[in-house]
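Peer 1: After the sequence you'll find the predicted model.
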Amino acid sequence: MNYRFLSKKGVASFVTGLLKEFRVYGPVKKDGFPMYGEITSPDELHLLHTPTHLSPKHYLFPQRETLLRFKNGENHSIEPTVEAHDQALFGVHSCDIHAIRLMDMVFAYGTPDVNYLKRREKTVIIGIDCLPDKHCFCKSVNTMTVDSGFDLFLHDIGSGFVVEIGTRKGNDLLYKHAKTKKATAGERAKMAEFKNKKAELFITKINAEASTLPLLYSGSYFSPVWEKIGKICYGCGSCNNVCPTCYCFDVRDDVTLNLTEGGRYRVWDGCTLEDFAKVAGGHNFRKTRAERLRHRFNRKFQYQVDKFGGLFCVGCGRCIRTCLVNINIAEVTNELIEETNKDRS
Ligand code: SF4
Ligand code: SF4
């Protein structure tokens, strides 16, 4: 791995360089909250250590996108639509880089999703170190640090940044748009200091090894916890919307009144919503909120692990932060752990 030192001032000229080649999205402050947004100048960046309310997922998998346009009648046609542009995601935290890695697997699985994959191909990822707030628990699910999945990664060491080069593309961009020097051993040691300090700061924790969670969830299918949280859940779908690894969508058609043309689009869906598992005839496979929450949590800690080989919760804490009734996925998991331990004793 190649490490370079970039001064704080140097970051601004680097971003200015990127803006000549890419649409750049990074953390900004909107209505007082940290959010990702498009920037036109480096001054707009708000490189906070704490998490943004929404992840950068929508730059790769938009909340709504047209998949194809069609015309009926004699000259009928079907035109696939792929909207993708060169983009740089700047200041992405380690948990979100892990989430993008998972989404890459999902959208390449089976029939490859050309829309997602085209956008991904045109995306540069520049990560940055972060610190946890009271809801982050990435350390418990092994996503506190990341060693691949980015083009460049910036480690804040106070006097500037140690830049970790992840890909050839990242290397070329850094050399083209920034003045850097080889990071010294002392500067690299500061990266390790930051990591150690970060590891001590977590308030939210899962009280078991990440590798044991699939089995825990498998044994907790009939736990009373699901009824308990199902009673307070609004079924609002906010937890799905903010989650960087939720990728379910619905596909719908828009047709003109005279039925001559239209478009097919997809839009995010959420497994906590009542209609999600409703099928023709009105049957619903997951009628209750308890069943829907159990399904969502199992997707994060068990079902997807069987399919893709890793947990689908990256511990970003966004679903906890956003839930109006304080349903906390880490606390719920800890309750299941406690229940299981009692059961065994
Ligand atoms: S768990 Fe919270 S955020 Fe998710 S659907 Fe229920 S009330 Fe909404
Ligand atoms: S389930 Fe919650 S904590 Fe886990 S990745 Fe999704 S939003 Fe983040």
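Peer 2: Happy to help now that I have it. Numbering: from 1, shown residues only. Ligands and ions are numbered 1, 2, ... in the order given.
Peer 1: Verify the stated contact: I203 with S140.
Peer 2: No. I203 is not in contact with S140 according to CB atoms under 8 Å; the separation is 11.4 Å. Bear in mind the C-beta positions are built from the backbone N, C-alpha and C, glycine included.
Peer 1: With neighbour numbers in mind, choose between those two.
Peer 2: The neighbour comparison of I203 against S140 (other CB atoms under 10 Å) goes to S140, with 23 against 11.
Peer 1: For S223, see how far away that one is.
Peer 2: Computed as CB to CB, to the nearest Å, the S140 to S223 distance reads 20 Å.
Peer 1: ranges for the helices of this protein?
Peer 2: Counting by DSSP state H, the segments of the chain that form helices are 8-21, 94-108, 114-121, 168-177, 185-199, 213-218, 225-232, 238-242, 289-298, 304-308, 318-322, 329-344.
Peer 1: Next, the angle from the fifth one to helix 94-108.
Peer 2: Angle between the axes of helix 185-199 and helix 94-108 is 80 degrees (criterion: axes from the mean of the first three to the mean of the last three CA atoms, to 10 degrees).
Peer 1: what helices or strands is helix 185-199 leaning on?
Peer 2: Applying 3 or more CB pairs under 8 Å, 6 or more residues apart in numbering; DSSP states H and E, one finds that helix 185-199 makes contact with strand 2-7, strand 152-156, strand 160-165.
Peer 1: do the third one as well
Peer 2: Using 3+ CB pairs under 8 Å, 6+ apart as the contact definition, the elements that helix 114-121 packs against are helix 94-108.
Peer 1: Show me what the helix it packs on is in contact with.
Peer 2: Applying CB atoms under 8 Å, 6 or more residues apart in numbering, the set of residues contacting helix 94-108 from outside is 51, 55-57, 60-61, 92, 113, 116-117, 120, 125, 127, 129-130, 136, 138, 143-146, 148-150, 244-245, 247, 304, 308, 310, 312, 314-316.
Peer 1: Repeat the analysis, applying 7 Å as the threshold.
Peer 2: Outside helix 94-108, the residues that touch it by CB atoms under 7 Å, 6 or more residues apart in numbering are 55-57, 60-61, 113, 116-117, 120, 125, 127, 130, 138, 143-146, 149-150, 244-245, 247, 308, 310, 312, 314-316.
Peer 1: do the same with stretch 240-260
Peer 2: Outside stretch 240-260, the residues that touch it by CB under 7 Å, 6+ apart are 53-55, 57, 61, 71-73, 96, 99, 102-103, 106, 262-272, 312, 314, 316, 318-319, 322.
Peer 1: Quick one, which of those are buried?
Peer 2: Using 16 or more other CB atoms under 10 Å as the burial test, the contacts of stretch 240-260 include 54-55, 57, 61, 96, 99, 102-103, 106, 263-266, 268-272, 312, 314, 316, 318-319, 322 as buried.
Peer 1: buried stuff in stretch 215-228?
Peer 2: For stretch 215-228, the buried set under the neighbour-count rule, 16+ other CB under 10 Å, comprises L216, Y217, S220, S223, V225, W226.
Peer 1: before we move on, the earlier item: give me the subset of the contacts of stretch 240-260 lying in strands.
Peer 2: Judged by DSSP state E, the contacts of stretch 240-260 include K71, G262, G263, R264, Y265, R266, V267, W268 as members of strands.
Peer 1: Correct me if wrong: F90 contacts G127.
Peer 2: No. Counting by CB atoms under 7 Å, F90 does not reach G127; the two are 9.0 Å apart.
Peer 1: Skipping its backbone neighbours, what lies nearest G26 in space?
Peer 2: F90 (3.7 Å; CB to CB, 6 or more residues apart in numbering).
Peer 1: how far away is the one you found from R252?
Peer 2: Applying CB to CB to F90 and R252 gives a distance of 33 Å.
Peer 1: Going by how many neighbours each has, rank the two and give me the top one.
Peer 2: Neighbours per residue (other CB under 10 Å) separate F90 from R252, with F90 holding more: 27 against 11.
Peer 1: From I229, how far off is the more buried one?
Peer 2: For F90, the distance to I229 (CB to CB) stands at 36 Å.
Peer 1: picking up where we left off before, closest to ligand 2 out of the helices and strands packed on helix 185-199?
Peer 2: strand 152-156 (19.8 Å; CB to the nearest ligand atom).
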